[in-house]
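Chemist: Provided below for reference: sequence and predicted model.
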Amino acid sequence: MDTIVNFVKERPFIALAVVLVVGLFAGLGLGWGPFPVEWVDASPDLLHEAWRLEYMSMTVDSFRVNADVDLAAKRYRDLGAEAYGTFQDLKANPGKLDPVLLQVFEAELTSRGVMVETQAPAPGTSLGTYFVWGAIIALLVVGLVFGIYLFRPRRSDGPQTAAQQAAEFSRSTEKTDYSAVSDTPPVAQYVTTYVLGDDLFDDSFSIDSQGGEFLGECGVGISETIGVGDPKKVTAFEVWMFDKNDIQTVTKVLMSPHAFNDPNFRAKLESKGEMFLVDNHKQVMLETQTLQMVVTVVDVQFGQGGLPSDSYFDRLTLELAIWSK
């Protein structure tokens, strides 16, 4: 419930659009399904053409029996603008009615000014049809507004977060074209970037075959930091790969020059996996029973500050390329 309340507070226009769309569909569904419109005490002029003809035939036959001109005139008028045309159709096809009776009926109503030649209005659009089309147009407009609002280019009034900056770097990084150096293209290829300030950096990716079969997973995460305070000063990363056909997850540790040359850091991190010094364009290979991953350092920048030189990362971009063995 709290999630819904927060969503309404943060995105009132989207919430309103959702309510309108749901309400519209619910109303139309109930109106056409469980609670359809029921016609009660409708006038004869709303009858189908065949039933109007039947109604006129019964009116004439009733006139034959009771000779009540006033009643006949009332029933004739009940057909409204359709009365004259319906009577002419009955004269053309009287069925079991006596044509002479039809002439007498016509003469009586004509003499009273009831039967006057009129032309029925052309079939028009009913109020219900206008409502349905109006509802459809309203739904389309609401959907259009909702789509524009939802997928509009978003502008941030404030500075980008570290994670947003990292995503921009990853999107702008051109992946290696392995077709020029290898006969077999990788089954998966990813780019991930860490930027100083992304204290929760932990990127993972699924490894799938060309046919969509799940083969495993890989990823990069923070392994060790240096110093104190925020943001965290990352001095080492873990690169890992999981193979569904292997019982172990292979891990390598990528270290800053300071951490790599510091015996204390090496002693602390050696249990996590084989250690490597990070340098531009350096490659590290991870292998499992059926997978092989090449990790390439695309770009690296070290932070500057009160800590030792080249001791923590300001930015690190890695490319992960995976092959099936």
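Modeler: That came in fine, so what should we check first?
Chemist: what are the buried residues along stretch 309-317?
Modeler: Of the residues in stretch 309-317, those with enough neighbours to count as buried (16 or more other Cβ atoms under 10 Å) are D310, S311, Y312, F313, D314, R315, L316, T317. In this view, the C-beta of every residue, glycine as well, is placed from N, C-alpha and C.
Chemist: pLDDT of that stretch, averaged?
Modeler: Across stretch 309-317, the average pLDDT comes to 96.
Chemist: distance between that stretch and the chain's centre?
Modeler: Shown here is stretch 309-317, whose average C-alpha point lies 40 Å from the average C-alpha point of the whole chain (Cα atoms, centre = their mean, to the nearest Å).
Chemist: neighbouring contacts of that stretch?
Modeler: Outside of stretch 309-317, the residues that reach it under the criterion Cβ atoms under 8 Å, 6 or more residues apart in numbering are 166, 169-170, 173, 191-196, 225-227, 233-235, 237, 254, 256-259, 278, 297-304.
Chemist: please indicate which of the residues you listed are buried?
Modeler: Buried residues within these, counting neighbours by 16+ other Cβ under 10 Å: 166, 169-170, 173, 191-196, 226, 233-235, 237, 254, 256-259, 278, 297-298, 300, 302-303.
Chemist: quick one: the helices in the stretch 151-300 of the chain?
Modeler: Using DSSP state H, counting those that start in this stretch, the helices of the stretch 151-300 of the chain run over 162-172, 257-260, 263-269.
Chemist: low-confidence ranges in the protein?
Modeler: 1-16, 31-32, 37, 39, 119-129, 146-147, 149-158 (pLDDT under 70).
Chemist: circling back to that earlier point, now distance to T184 too, for the helices of the stretch 151-300 of the chain, in CSV please.
Modeler: Written out in CSV, the entries for those read as follows (distance: least, Cβ to Cβ, whole Å):
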stretch, distance to T184
helix 162-172, 24
helix 257-260, 32
helix 263-269, 33
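Chemist: burial count for M56?
Modeler: The local packing of M56 (other Cβ atoms under 10 Å) involves 26 other residues.
Chemist: and it, backbone torsions?
Modeler: phi -70, psi -40 (degrees, to the nearest 10).
Chemist: wait, which of the buried residues of stretch 309-317 is closest to S57?
Modeler: Within the buried residues of stretch 309-317, distances to S57 taken as Cβ to Cβ reach their minimum at T317, with 88.6 Å.
Chemist: okay, and the beta partners of that closest one?
Modeler: Under DSSP bridges, the beta-bridge partners of T317 are T193, D299.
Chemist: distance of it from D299?
Modeler: T317 sits 4 Å away from D299, going by Cβ to Cβ, to the nearest Å.
Chemist: overlap in contacts of the two?
Modeler: Both T317 and D299 are in contact with F169, T173, where contact means Cβ under 8 Å, 6+ apart.
Chemist: A83 against Y76, yeah?
Modeler: Yes. Judged on Cβ atoms under 8 Å, A83 makes contact with Y76 at a distance of 5.3 Å.
Chemist: can you check which residues contact both of the two?
Modeler: By Cβ under 8 Å, 6+ apart, A83 and Y76 have these common neighbours: M56, M115.
Chemist: could you chop this protein up by domain?
Modeler: For the chain, automatic domain parsing gives the domain ranges 2-38+124-151, 44-111, 162-324.
Chemist: E117 is nearest to which of the ones you listed?
Modeler: Set against E117 and scored by Cβ to Cβ, the domains of the chain come closest in domain 44-111, at 5.8 Å.
Chemist: re earlier: distance to T118 added to the domains of the chain, as TSV?
Modeler: Written out in TSV, the entries for the domains of the chain read as follows (distance: least, Cβ to Cβ, whole Å):
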stretch	distance to T118
domain 2-38+124-151	16
domain 44-111	5
domain 162-324	71
